[in-house]
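Visitor: Got a sequence here, can you model it:
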Amino acid sequence: MNFGGSKNNGFWLALSVAACLVILWAAFFSGPGKVLSQNPSNTTTDPNLRRLFIAASLGKTEALGDLLTAGSHDVDVRGHRGKTLLGAALNAARAKEPPTLYGTVVLLLSRGANPNLADNDGWTAMHKAAFLDNEAVMAALIQAGGDPLINVNEKSTPYEIALLHGNSGAVGAIEGTTTYRHPEVEELKEAGTFARNLRAGFSSARTVEERKAALRAALTSYLEDEGEVERVYQEVLGRSTSDFLGDCDSCEGE
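Guide: This next block holds a predicted model:
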């Protein structure tokens, strides 16, 4: 697809979000990977490693520290689908952020955890932290060497994710280090507004036509030219599932 004009780069990001909303709506909300299951068999058959990942996922900082001190595994040990302890802690926090999350993150970083290691899906702890509106956690990761502009397998950077989701805490931590300030911040913010408008419209939609209307409204608020709105609208429809519902279980049939 070719979307010319000054908003080209930002629109690529925004439309990629639209495609996820249209085709894999449920996957959009689950984000990079799924929350670590409490079923130990999904992590490893090694009981010591299983305890480490459960402690990290539940924010059991004291227990996690004791297990790491015991020294049976390195702090960057890999679990299910290549997830690290740091990644598991941040991933689980998306479902329910424990009050101990910051302490857990700091503990792992103090033991030498690398925030830039990617799992099998190409997501780092930095990417997962970008989904959390927690400025202190993101700042701690950056201070430990986390890269807000890291790009794995051409995925969005942590900075782009934080902007698109409107997570001002994560964005503030990143932009507090001027080295990482993106040269097209305003375009990314506009793309983020588009994505949030579309997500809100899809969340309230109960029919196919309401979803189509939500897409058109979001495009209209983002693009200035009516002809371009119609062209992109038709192109997104053409690339989506035939009924334009994706995985929306709450939508009513026509």
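Visitor: can you give me the helices for this structure?
Guide: Assigned by DSSP state H, the helices in the chain fall at 8-23, 25-30, 47-58, 61-70, 85-93, 101-110, 125-130, 135-143, 158-164, 168-175, 185-204, 208-222, 226-239.
Visitor: List of residues touching the fifth one?
Guide: Under the contact criterion CB atoms under 8 Å, 6 or more residues apart in numbering, helix 85-93 has outside partners 32-36, 52-53, 56-59, 64, 75-77, 79, 83, 101, 104-105, 108-109, 113-115, 117, 119, 123-125, 128-129, 132, 137. Every residue, glycine included, has its C-beta placed from N, CA and C.
Visitor: Residue 216 - how many residues pack around it?
Guide: A count of nearby residues for residue 216, using other CB atoms under 10 Å, gives 17.
Visitor: My read is that it contacts residue 233, right?
Guide: Yes - here residue 216 reaches residue 233: they are 5.5 Å apart, a contact under CB atoms under 8 Å.
Visitor: Name the residues of stretch 113-120 that are buried.
Guide: 113, 114, 115, 116, 117, 118, 119 (16 or more other CB atoms under 10 Å).
Visitor: wait, the last one sits on residue 84?
Guide: Yes - counting by CB under 8 Å, residue 84 is a contact partner of residue 119 at 7.1 Å.
Visitor: residues shared between the contacts of these two?
Guide: Common neighbours of residue 119 and residue 84 (CB under 8 Å, 6+ apart) are residue 78.
Visitor: Identify the residue spatially nearest to residue 112, adjacent ones excluded.
Guide: residue 75 (5.4 Å; CB to CB, 6 or more residues apart in numbering).
Visitor: Noted, bye for now.
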